[in-house]
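1. only geometry, no sequence info:
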(Lines give C-alpha, C1' and ligand atoms only; values in the text may rest on other atoms or scores of the structure.)
Protein backbone atom coordinates (compact mmCIF):
# COMPACT_ATOMS: atom_id res chain seq x y z
CA UNK A 1 0.00 0.00 0.00
CA UNK A 2 2.81 2.38 0.89
CA UNK A 3 4.74 1.60 -2.28
CA UNK A 4 1.65 2.04 -4.40
CA UNK A 5 1.08 5.49 -2.95
CA UNK A 6 4.62 6.61 -3.83
CA UNK A 7 4.38 5.13 -7.34
CA UNK A 8 1.01 6.75 -7.91
CA UNK A 9 2.34 10.13 -6.82
CA UNK A 10 5.35 9.87 -9.16
CA UNK A 11 3.16 8.56 -12.01
CA UNK A 12 0.72 11.47 -11.71
CA UNK A 13 3.54 14.01 -11.77
CA UNK A 14 5.16 12.30 -14.77
CA UNK A 15 1.84 12.17 -16.67
CA UNK A 16 1.35 15.87 -15.86
CA UNK A 17 4.74 16.68 -17.38
CA UNK A 18 4.11 14.52 -20.47
CA UNK A 19 0.70 16.22 -20.99
CA UNK A 20 2.34 19.64 -20.93
CA UNK A 21 4.97 18.45 -23.43
CA UNK A 22 2.25 17.07 -25.74
CA UNK A 23 0.30 20.35 -25.62
CA UNK A 24 3.49 22.22 -26.46
CA UNK A 25 4.16 19.90 -29.42
CA UNK A 26 0.63 20.45 -30.78
CA UNK A 27 1.06 24.21 -30.50
CA UNK A 28 4.44 23.97 -32.20
CA UNK A 29 3.03 21.95 -35.10
CA UNK A 30 0.15 24.40 -35.56
CA UNK A 31 2.45 27.39 -35.71
CA UNK A 32 4.81 25.58 -38.08
CA UNK A 33 1.95 24.77 -40.48
CA UNK A 34 0.73 28.37 -40.51
CA UNK A 35 4.23 29.73 -41.08
CA UNK A 36 4.89 27.21 -43.86
CA UNK A 37 1.80 28.42 -45.66
CA UNK A 38 2.87 32.04 -45.25
CA UNK A 39 6.34 31.16 -46.51
CA UNK A 40 4.88 29.50 -49.60
CA UNK A 41 2.67 32.50 -50.36
CA UNK A 42 5.68 34.79 -50.00
CA UNK A 43 7.69 32.71 -52.44
CA UNK A 44 4.86 32.75 -55.01
CA UNK A 45 4.55 36.50 -54.73
CA UNK A 46 8.28 36.98 -55.17
CA UNK A 47 8.30 34.72 -58.25
CA UNK A 48 5.49 36.66 -59.87
CA UNK A 49 7.22 39.93 -59.13
CA UNK A 50 10.45 38.64 -60.69
CA UNK A 51 8.71 37.48 -63.86
CA UNK A 52 7.02 40.85 -64.27
CA UNK A 53 10.34 42.66 -63.94
CA UNK A 54 12.16 40.20 -66.21
CA UNK A 55 14.72 39.41 -63.59
CA UNK A 56 13.71 35.90 -62.69
CA UNK A 57 17.22 34.61 -61.89
CA UNK A 58 18.07 37.45 -59.55
CA UNK A 59 14.68 37.22 -57.90
CA UNK A 60 15.14 33.50 -57.32
CA UNK A 61 18.35 34.06 -55.39
CA UNK A 62 16.72 36.79 -53.34
CA UNK A 63 13.78 34.52 -52.63
CA UNK A 64 16.15 31.81 -51.42
CA UNK A 65 17.82 34.28 -49.04
CA UNK A 66 14.43 35.47 -47.86
CA UNK A 67 13.38 31.87 -47.32
CA UNK A 68 16.36 31.24 -45.06
CA UNK A 69 15.53 34.38 -43.12
CA UNK A 70 11.92 33.30 -42.75
CA UNK A 71 12.99 29.82 -41.58
CA UNK A 72 15.24 31.22 -38.89
CA UNK A 73 12.56 33.66 -37.81
CA UNK A 74 9.92 30.92 -37.84
CA UNK A 75 12.01 28.69 -35.57
CA UNK A 76 12.59 31.58 -33.18
CA UNK A 77 8.93 32.60 -33.12
CA UNK A 78 7.79 29.02 -32.62
CA UNK A 79 10.21 28.59 -29.73
CA UNK A 80 9.09 31.84 -28.12
CA UNK A 81 5.43 30.93 -28.39
CA UNK A 82 6.01 27.49 -26.93
CA UNK A 83 7.96 28.99 -24.05
CA UNK A 84 5.35 31.53 -23.07
CA UNK A 85 4.60 33.96 -25.88
CA UNK A 86 7.30 36.59 -25.30
CA UNK A 87 10.90 36.93 -24.21
CA UNK A 88 9.86 38.50 -20.95
CA UNK A 89 7.91 35.44 -19.86
CA UNK A 90 9.57 32.38 -18.24
CA UNK A 91 10.32 29.49 -20.51
CA UNK A 92 7.94 26.57 -20.34
CA UNK A 93 10.85 24.13 -20.17
CA UNK A 94 11.53 25.45 -16.67
CA UNK A 95 7.90 24.89 -15.72
CA UNK A 96 8.14 21.25 -16.82
CA UNK A 97 10.75 20.60 -14.14
CA UNK A 98 7.88 20.41 -11.61
CA UNK A 99 9.74 21.84 -8.59
CA UNK A 100 6.90 20.85 -6.28
CA UNK A 101 8.17 17.25 -6.43
CA UNK A 102 11.28 18.22 -4.49
CA UNK A 103 9.46 20.39 -2.00
CA UNK A 104 7.85 19.26 1.22
CA UNK A 105 4.36 17.96 0.41
CA UNK A 106 2.08 18.52 3.41
CA UNK A 107 -0.52 15.83 3.84
CA UNK A 108 -3.81 16.51 5.58
CA UNK A 109 -4.01 15.14 9.08
CA UNK A 110 -5.74 11.80 9.02
CA UNK A 111 -8.58 11.16 11.49
CA UNK A 112 -7.95 8.66 14.25
CA UNK A 113 -7.69 5.23 12.78
CA UNK A 114 -5.10 2.72 11.83
CA UNK A 115 -1.43 3.64 11.94
CA UNK A 116 -1.03 2.63 8.29
CA UNK A 117 -2.54 5.90 7.07
CA UNK A 118 0.05 7.86 8.94
CA UNK A 119 2.89 5.77 7.57
CA UNK A 120 1.74 6.44 4.02
CA UNK A 121 2.08 10.15 4.60
CA UNK A 122 5.58 9.66 5.93
CA UNK A 123 6.63 7.52 3.00
CA UNK A 124 5.28 10.03 0.48
CA UNK A 125 7.13 12.85 2.14
CA UNK A 126 10.34 10.87 2.29
CA UNK A 127 9.99 10.02 -1.39
CA UNK A 128 9.57 13.69 -2.25
CA UNK A 129 13.08 14.42 -0.98
CA UNK A 130 14.74 12.15 -3.52
CA UNK A 131 16.03 13.27 -6.92
CA UNK A 132 13.48 13.16 -9.76
CA UNK A 133 14.25 12.85 -13.48
CA UNK A 134 11.79 14.50 -15.85
CA UNK A 135 12.05 14.00 -19.62
CA UNK A 136 11.03 17.02 -21.71
CA UNK A 137 10.79 16.67 -25.48
CA UNK A 138 11.39 19.59 -27.84
CA UNK A 139 10.30 18.90 -31.43
CA UNK A 140 11.82 20.63 -34.46
CA UNK A 141 10.94 20.40 -38.11
CA UNK A 142 13.50 17.74 -38.96
CA UNK A 143 14.86 16.40 -35.65
CA UNK A 144 13.82 15.59 -32.09
CA UNK A 145 16.01 16.32 -29.08
CA UNK A 146 15.40 14.80 -25.64
CA UNK A 147 16.64 16.57 -22.53
CA UNK A 148 16.80 15.10 -19.03
CA UNK A 149 16.48 17.60 -16.21
CA UNK A 150 17.56 16.42 -12.76
CA UNK A 151 16.11 17.91 -9.63
CA UNK A 152 18.69 17.37 -6.94
CA UNK A 153 18.35 17.80 -3.23
CA UNK A 154 18.44 21.51 -2.45
CA UNK A 155 21.89 22.79 -1.33
CA UNK A 156 23.98 21.32 1.39
CA UNK A 157 24.12 24.60 3.28
CA UNK A 158 21.03 25.50 5.25
CA UNK A 159 19.62 29.00 4.95
CA UNK A 160 19.61 30.47 8.42
CA UNK A 161 16.27 32.04 9.28
CA UNK A 162 16.20 34.49 12.14
CA UNK A 163 13.05 33.99 14.20
CA UNK A 164 10.97 36.86 15.44
CA UNK A 165 11.17 37.72 19.13
CA UNK A 166 7.87 38.03 21.02
CA UNK A 167 7.51 39.45 24.50
CA UNK A 168 5.84 36.73 26.56
CA UNK A 169 7.46 37.31 29.95
CA UNK A 170 4.96 40.07 30.92
CA UNK A 171 2.19 37.48 30.45
CA UNK A 172 3.65 34.98 32.94
CA UNK A 173 1.24 34.50 35.86
CA UNK A 174 -1.00 37.31 34.66
CA UNK A 175 -4.30 35.38 34.64
CA UNK A 176 -6.31 33.86 37.48
CA UNK A 177 -7.90 31.29 35.19
CA UNK A 178 -6.18 28.95 32.72
CA UNK A 179 -6.86 28.79 29.01
CA UNK A 180 -7.15 25.19 27.88
CA UNK A 181 -5.90 24.12 24.48
CA UNK A 182 -9.07 22.12 23.70
CA UNK A 183 -10.09 18.49 23.72
CA UNK A 184 -8.08 15.67 22.19
CA UNK A 185 -8.84 12.35 20.56
CA UNK A 186 -6.07 9.80 20.94
CA UNK A 187 -4.74 7.12 18.65
CA UNK A 188 -1.92 4.74 19.56
CA UNK A 189 0.46 2.84 17.32
CA UNK A 190 3.24 0.37 18.23
CA UNK A 191 6.65 2.02 18.52
CA UNK A 192 8.50 -1.04 17.09
CA UNK A 193 10.89 -0.79 20.06
CA UNK A 194 11.64 -3.62 22.47
CA UNK A 195 12.91 -1.29 25.19
CA UNK A 196 11.45 1.85 26.67
CA UNK A 197 11.61 4.93 24.49
CA UNK A 198 14.16 7.50 25.66
CA UNK A 199 13.77 10.34 23.17
CA UNK A 200 11.29 11.93 20.78
CA UNK A 201 11.97 14.71 18.27
CA UNK A 202 10.08 16.12 15.27
CA UNK A 203 12.09 16.76 12.10
CA UNK A 204 12.76 20.53 11.74
CA UNK A 205 12.39 20.42 7.93
CA UNK A 206 9.88 17.70 7.06
CA UNK A 207 6.80 18.07 9.26
CA UNK A 208 5.70 14.49 8.57
CA UNK A 209 8.72 12.80 10.13
CA UNK A 210 9.71 12.33 13.74
CA UNK A 211 12.23 10.12 15.48
CA UNK A 212 12.04 7.97 18.59
CA UNK A 213 15.44 7.04 19.97
CA UNK A 214 16.79 4.81 17.14
CA UNK A 215 14.14 4.69 14.42
CA UNK A 216 14.01 7.37 11.75
CA UNK A 217 10.24 7.11 11.20
CA UNK A 218 7.38 4.67 11.46
CA UNK A 219 8.62 2.97 8.30
CA UNK A 220 12.34 2.91 8.94
CA UNK A 221 14.26 1.50 11.86
CA UNK A 222 18.03 1.64 11.98
CA UNK A 223 20.54 -0.02 14.28
CA UNK A 224 22.29 2.94 15.93
CA UNK A 225 23.92 1.14 18.83
CA UNK A 226 27.49 2.17 19.61
CA UNK A 227 30.26 0.57 17.57
CA UNK A 228 32.06 -1.40 20.32
CA UNK A 229 29.89 -1.95 23.37
CA UNK A 230 26.61 -2.05 21.39
CA UNK A 231 24.97 0.48 23.69
CA UNK A 232 21.69 2.23 23.01
CA UNK A 233 21.72 6.01 22.40
CA UNK A 234 21.09 8.15 25.44
CA UNK A 235 19.78 11.15 23.48
CA UNK A 236 19.20 12.16 19.86
CA UNK A 237 19.01 15.40 17.87
CA UNK A 238 18.07 16.32 14.32
CA UNK A 239 20.56 18.20 12.18
CA UNK A 240 18.96 21.59 11.30
CA UNK A 241 18.76 20.53 7.65
CA UNK A 242 16.74 17.47 8.64
CA UNK A 243 18.97 15.12 6.62
CA UNK A 244 20.74 13.36 9.50
CA UNK A 245 20.34 12.29 13.12
CA UNK A 246 22.98 12.60 15.83
CA UNK A 247 23.03 10.22 18.79
CA UNK A 248 25.12 10.27 21.99
CA UNK A 249 26.26 7.30 24.06
CA UNK A 250 28.78 6.91 26.88
CA UNK A 251 32.43 7.77 27.42
CA UNK A 252 33.19 4.49 29.19
CA UNK A 253 35.35 1.69 27.76
CA UNK A 254 36.68 3.86 24.93
CA UNK A 255 33.44 3.45 23.01
CA UNK A 256 32.23 5.80 20.27
CA UNK A 257 30.56 8.84 21.80
CA UNK A 258 28.56 10.22 18.86
CA UNK A 259 27.02 8.60 15.80
CA UNK A 260 25.56 10.22 12.68
CA UNK A 261 22.72 8.53 10.84
CA UNK A 262 22.62 9.76 7.23
CA UNK A 263 19.04 9.72 5.96
CA UNK A 264 20.13 10.55 2.40
CA UNK A 265 21.95 7.26 2.01
CA UNK A 266 23.22 6.55 -1.47
CA UNK A 267 24.65 3.37 -2.92
CA UNK A 268 28.14 2.67 -1.67
CA UNK A 269 27.94 4.96 1.35
CA UNK A 270 27.75 3.90 4.98
CA UNK A 271 24.46 4.81 6.58
CA UNK A 272 25.73 5.18 10.17
CA UNK A 273 29.12 6.73 10.92
CA UNK A 274 30.87 7.50 14.22
CA UNK A 275 32.82 10.64 15.08
CA UNK A 276 36.44 9.96 15.92
CA UNK A 277 36.89 12.52 18.71
CA UNK A 278 36.01 11.47 22.26
CA UNK A 279 36.14 14.61 24.45
CA UNK A 280 34.06 13.24 27.34
CA UNK A 281 36.21 11.26 29.75
CA UNK A 282 33.74 9.07 31.65
CA UNK A 283 30.11 8.22 32.22
CA UNK A 284 26.96 8.70 30.21
CA UNK A 285 26.54 11.62 27.79
CA UNK A 286 23.11 12.82 28.87
CA UNK A 287 22.20 15.48 26.35
CA UNK A 288 22.81 16.68 22.79
CA UNK A 289 21.24 19.67 21.06
CA UNK A 290 21.98 21.87 18.04
CA UNK A 291 22.42 25.56 18.72
CA UNK A 292 19.95 28.08 17.20
CA UNK A 293 22.81 30.05 15.64
CA UNK A 294 23.89 30.83 12.12
CA UNK A 295 27.00 28.65 12.29
CA UNK A 296 26.04 24.99 12.50
CA UNK A 297 27.15 23.49 15.80
CA UNK A 298 25.86 21.37 18.66
CA UNK A 299 26.54 20.96 22.37
CA UNK A 300 26.79 17.85 24.53
CA UNK A 301 26.63 17.54 28.31
CA UNK A 302 27.83 14.51 30.25
CA UNK A 303 28.23 12.80 33.56
CA UNK A 304 31.89 13.90 33.60
CA UNK A 305 30.63 17.45 34.45
CA UNK A 306 31.72 18.67 30.99
CA UNK A 307 29.92 20.82 28.42
CA UNK A 308 31.40 20.41 24.93
CA UNK A 309 30.78 22.51 21.81
CA UNK A 310 31.10 20.72 18.44
CA UNK A 311 31.75 22.87 15.34
CA UNK A 312 31.35 21.72 11.76
CA UNK A 313 34.72 22.18 10.03
CA UNK A 314 33.89 20.41 6.79
CA UNK A 315 31.26 18.05 5.48
CA UNK A 316 30.95 15.21 7.99
CA UNK A 317 33.88 16.60 10.00
CA UNK A 318 33.10 17.86 13.50
CA UNK A 319 35.64 19.14 16.00
CA UNK A 320 34.92 19.39 19.74
CA UNK A 321 35.87 22.25 22.04
CA UNK A 322 35.42 21.95 25.80
CA UNK A 323 33.53 24.97 27.13
CA UNK A 324 33.90 24.04 30.78
CA UNK A 325 34.59 20.99 32.95
CA UNK A 326 34.68 22.42 36.47
CA UNK A 327 31.68 24.73 36.73
CA UNK A 328 29.47 21.77 37.63
CA UNK A 329 30.34 19.46 40.49
CA UNK A 330 28.07 16.67 39.29
CA UNK A 331 26.54 15.33 36.08
CA UNK A 332 25.33 17.79 33.46
CA UNK A 333 21.78 16.65 32.76
CA UNK A 334 20.65 19.16 30.12
CA UNK A 335 22.10 21.75 27.73
CA UNK A 336 20.57 24.38 25.45
CA UNK A 337 21.47 27.51 23.48
CA UNK A 338 19.88 30.94 23.75
CA UNK A 339 18.69 32.57 20.56
CA UNK A 340 19.74 36.23 20.85
CA UNK A 341 23.21 35.62 22.32
CA UNK A 342 25.69 32.81 21.97
CA UNK A 343 25.10 31.63 25.51
CA UNK A 344 25.02 27.92 26.33
CA UNK A 345 22.79 26.97 29.26
CA UNK A 346 23.53 23.87 31.31
CA UNK A 347 21.57 22.31 34.15
CA UNK A 348 23.18 19.83 36.53
CA UNK A 349 22.40 17.29 39.19
CA UNK A 350 24.48 19.56 41.47
CA UNK A 351 21.44 21.94 41.52
CA UNK A 352 23.30 24.52 39.42
CA UNK A 353 22.20 26.45 36.34
CA UNK A 354 25.12 27.85 34.33
CA UNK A 355 25.03 30.34 31.45
CA UNK A 356 28.29 30.24 29.49
CA UNK A 357 29.16 33.03 27.00
CA UNK A 358 30.88 31.35 24.04
CA UNK A 359 32.28 34.61 22.64
CA UNK A 360 33.84 35.76 25.88
CA UNK A 361 34.86 32.27 26.96
CA UNK A 362 33.59 32.43 30.54
CA UNK A 363 30.46 31.96 32.62
CA UNK A 364 27.94 34.76 32.17
CA UNK A 365 25.95 33.74 35.24
CA UNK A 366 25.66 30.97 37.83
CA UNK A 367 22.58 30.10 39.82
CA UNK A 368 21.98 27.42 42.43
CA UNK A 369 18.57 26.22 43.56
CA UNK A 370 17.38 23.85 46.28
CA UNK A 371 16.73 20.83 44.05
CA UNK A 372 18.64 18.94 41.37
CA UNK A 373 18.13 20.08 37.78
CA UNK A 374 17.33 17.59 35.04
CA UNK A 375 16.81 19.62 31.87
CA UNK A 376 16.72 23.16 30.46
CA UNK A 377 14.52 24.41 27.63
CA UNK A 378 14.47 27.91 26.06
CA UNK A 379 11.15 29.38 24.92
CA UNK A 380 10.76 29.33 21.10
CA UNK A 381 9.25 32.84 20.92
CA UNK A 382 10.56 34.90 23.83
CA UNK A 383 14.34 34.69 23.59
CA UNK A 384 14.85 35.76 27.22
CA UNK A 385 12.60 33.09 28.74
CA UNK A 386 13.69 29.57 29.60
CA UNK A 387 12.45 26.66 31.69
CA UNK A 388 14.36 24.37 34.03
CA UNK A 389 13.02 20.99 35.15
CA UNK A 390 13.80 20.11 38.77
CA UNK A 391 13.23 17.17 41.09
CA UNK A 392 11.01 19.08 43.53
CA UNK A 393 7.50 17.67 43.82
CA UNK A 394 4.69 20.01 42.77
CA UNK A 395 7.33 22.54 41.66
CA UNK A 396 9.01 20.56 38.94
CA UNK A 397 9.07 23.32 36.31
CA UNK A 398 10.68 26.74 36.89
CA UNK A 399 10.58 29.77 34.58
CA UNK A 400 13.48 32.24 34.39
CA UNK A 401 14.33 35.48 32.62
CA UNK A 402 17.97 35.38 31.52
CA UNK A 403 18.22 39.15 32.10
CA UNK A 404 17.25 38.76 35.77
CA UNK A 405 19.76 35.95 36.31
CA UNK A 406 18.79 34.50 39.69
CA UNK A 407 15.12 35.51 39.78
CA UNK A 408 12.50 32.82 39.38
CA UNK A 409 9.45 34.13 37.50
CA UNK A 410 7.03 31.33 38.24
CA UNK A 411 6.89 27.60 39.02
CA UNK A 412 4.57 24.80 37.95
CA UNK A 413 4.18 21.25 39.09
CA UNK A 414 2.00 18.25 39.70
CA UNK A 415 1.45 15.67 42.37
CA UNK A 416 2.52 12.17 41.40
CA UNK A 417 0.30 9.34 42.53
CA UNK A 418 2.16 6.26 41.31
CA UNK A 419 5.72 7.16 42.34
CA UNK A 420 7.64 9.43 44.70
CA UNK A 421 10.72 9.64 42.50
CA UNK A 422 11.20 12.03 39.61
CA UNK A 423 12.61 10.23 36.55
CA UNK A 424 15.24 11.99 34.45
CA UNK A 425 13.64 10.40 31.40
CA UNK A 426 10.55 12.56 31.82
CA UNK A 427 10.87 15.69 29.70
CA UNK A 428 8.95 18.75 28.57
CA UNK A 429 8.24 20.65 25.35
CA UNK A 430 7.07 24.16 24.46
CA UNK A 431 4.07 24.78 22.24
CA UNK A 432 4.93 26.60 18.95
CA UNK A 433 3.39 29.84 20.26
CA UNK A 434 5.44 29.66 23.46
CA UNK A 435 2.42 29.94 25.76
CA UNK A 436 2.13 26.32 26.87
CA UNK A 437 4.38 23.62 28.29
CA UNK A 438 3.66 19.92 27.99
CA UNK A 439 5.20 17.39 30.33
CA UNK A 440 5.20 13.68 30.81
CA UNK A 441 4.77 12.16 34.26
CA UNK A 442 5.17 8.96 36.23
CA UNK A 443 1.40 8.65 35.96
CA UNK A 444 -0.02 7.79 32.50
CA UNK A 445 -0.93 11.45 32.00
CA UNK A 446 0.25 14.38 29.86
CA UNK A 447 0.22 17.61 31.87
CA UNK A 448 -0.23 20.93 30.08
CA UNK A 449 0.68 24.25 31.70
CA UNK A 450 -0.43 27.71 30.62
CA UNK A 451 2.35 30.19 31.51
CA UNK A 452 -0.30 32.93 31.91
CA UNK A 453 -1.99 30.98 34.72
CA UNK A 454 -0.94 32.26 38.16
CA UNK A 455 -1.49 28.90 39.86
CA UNK A 456 1.08 26.12 40.03
CA UNK A 457 -1.13 23.22 38.97
CA UNK A 458 -1.64 22.05 35.37
CA UNK A 459 -4.21 23.90 33.32
CA UNK A 460 -5.12 20.62 31.65
CA UNK A 461 -4.26 16.90 31.93
CA UNK A 462 -4.74 14.26 29.26
CA UNK A 463 -4.84 10.60 30.13
CA UNK A 464 -2.75 9.27 27.28
CA UNK A 465 -1.17 5.86 27.99
CA UNK A 466 -1.29 2.74 30.15
CA UNK A 467 2.08 3.46 31.80
CA UNK A 468 4.27 6.45 32.54
CA UNK A 469 4.59 9.12 29.86
CA UNK A 470 8.13 10.21 29.10
CA UNK A 471 7.48 13.11 26.76
CA UNK A 472 4.78 14.83 24.69
CA UNK A 473 5.85 17.06 21.79
CA UNK A 474 3.72 19.70 20.07
CA UNK A 475 3.65 19.44 16.30
CA UNK A 476 4.53 22.75 14.65
CA UNK A 477 2.21 22.29 11.61
CA UNK A 478 -0.71 20.16 12.79
CA UNK A 479 -2.97 20.45 15.87
CA UNK A 480 -1.31 17.38 17.29
CA UNK A 481 0.53 16.15 20.37
CA UNK A 482 2.91 13.19 19.94
CA UNK A 483 3.80 11.22 23.05
CA UNK A 484 6.02 8.30 24.04
CA UNK A 485 5.55 5.97 26.99
CA UNK A 486 7.01 2.97 28.77
CA UNK A 487 4.05 1.00 27.39
CA UNK A 488 6.04 1.05 24.08
CA UNK A 489 3.24 2.89 22.32
CA UNK A 490 3.40 6.17 20.40
CA UNK A 491 0.40 8.37 21.09
CA UNK A 492 -1.07 10.71 18.48
CA UNK A 493 -3.41 13.16 20.19
CA UNK A 494 -5.38 15.30 17.77
CA UNK A 495 -7.03 18.51 18.91
CA UNK A 496 -10.62 19.05 17.85
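-> Right, received. Where do you want to start? Fair warning: this is a prediction, and the values are worked out from it, not measured in the lab. Numbering: from 1, shown residues only.
2. Could you list the low-pLDDT ranges of the stretch 301-450 of the chain?
-> When the per-residue scores of the stretch 301-450 of the chain are filtered using pLDDT under 70, the ranges that remain are 418-421.
3. Show me where it has its strands.
-> Counting by DSSP state E, counting those that start in this stretch, the stretch 301-450 of the chain forms strands over residues 307-314, 317-324, 332-337, 343-348, 352-357, 362-368, 373-378, 385-390, 397-401, 408-412, 428-430, 436-439, 445-450, given from the N-terminal end onward.
4. how close does the residue nearest to residue 280 when sequence neighbours are not counted sit to residue 259?
-> Closest residue in space to residue 280, ignoring its immediate chain neighbours: residue 251 at 3.9 Å, by CB to CB, 6 or more residues apart in numbering. All C-beta spots, glycine's among them, are computed from the backbone N, C-alpha and C. The spacing between residue 251 and residue 259, counted by CB to CB, to the nearest Å, is 14 Å.
5. Residue 173 now?
-> Shown here: residue 173 relative to residue 259, a distance of 42 Å by CB to CB.
6. These two: which is more packed in?
-> Remark: of residue 173 and residue 259, residue 259 carries more neighbours, 22 against 17, as counted by other CB atoms under 10 Å.
7. Looks like the more buried one contacts residue 236 (just checking).
-> No. With contact defined as CB atoms under 8 Å, residue 259 does not reach residue 236; the gap is 9.5 Å.
8. helix or strand for residue 185, which one?
-> Taking DSSP states H and E as the criterion, residue 185 maps to strand 184-190.
9. Give the partner strands of whichever helix or strand comes after that strand in its sheet and their orientations.
-> Per DSSP H and E, the first helix or strand lying C-terminal to strand 184-190 is strand 200-202. Taking DSSP bridges as the criterion, strand 200-202 forms sheet pairs with strand 210-212 (antiparallel).
10. per-residue confidence averaged over the partner strand?
-> Looking at strand 210-212 alone, the average pLDDT works out to 86.
11. Need the contact partners of that strand.
-> 191, 193, 197, 199-203, 217, 236, 238, 245, 473, 482, 484, 490 (CB atoms under 8 Å, 6 or more residues apart in numbering).
12. any idea which helix or strand comes after that strand?
-> Sequence-wise, the next helix or strand downstream of strand 210-212 (DSSP H and E) is strand 235-238.
13. so the strand holding residue 185 versus strand 445-450, what angle?
-> Following axes from the mean of the first three to the mean of the last three CA atoms, to 10 degrees, one obtains 140 degrees for the angle between strand 184-190 and strand 445-450.
14. which parts of strand 184-190 are buried?
-> Residues 184, 186, 187, 188 are the ones in strand 184-190 that count as buried (16 or more other CB atoms under 10 Å).
15. Backbone dihedrals for the residue nearest to residue 280, please?
-> The phi and psi values for residue 251, taken as degrees, to the nearest 10, are phi -90, psi 0.
16. which residues touch it?
-> Under the contact definition (CB under 8 Å, 6+ apart), the residues listed for residue 251 are 257, 278, 280, 281, 282, 283, 284, 285, 302, 303, 304.
17. for residue 172, same thing?
-> Remark: with contacts taken as CB under 8 Å, 6+ apart, residue 172 is in contact with 385, 399, 409, 410, 451, 452.
18. which regions of the stretch 1-150 of the chain sit below the pLDDT cut-off?
-> Using pLDDT under 70, the flagged stretches of the stretch 1-150 of the chain are 1-33, 54-150.
19. mind listing the helices for this structure?
-> Taking DSSP state H as the criterion, the chain contains helices spanning 2-53, 56-82, 92-95, 115-128.
20. Residue 190 versus the closest residue to residue 209 other than its chain neighbours, what's the distance?
-> Taking CB to CB, 6+ apart as the measure, residue 209 lies nearest to residue 203, with 4.1 Å between them; neighbours along the chain are not counted. Applying CB to CB, the value for residue 203 to residue 190 is 20 Å.
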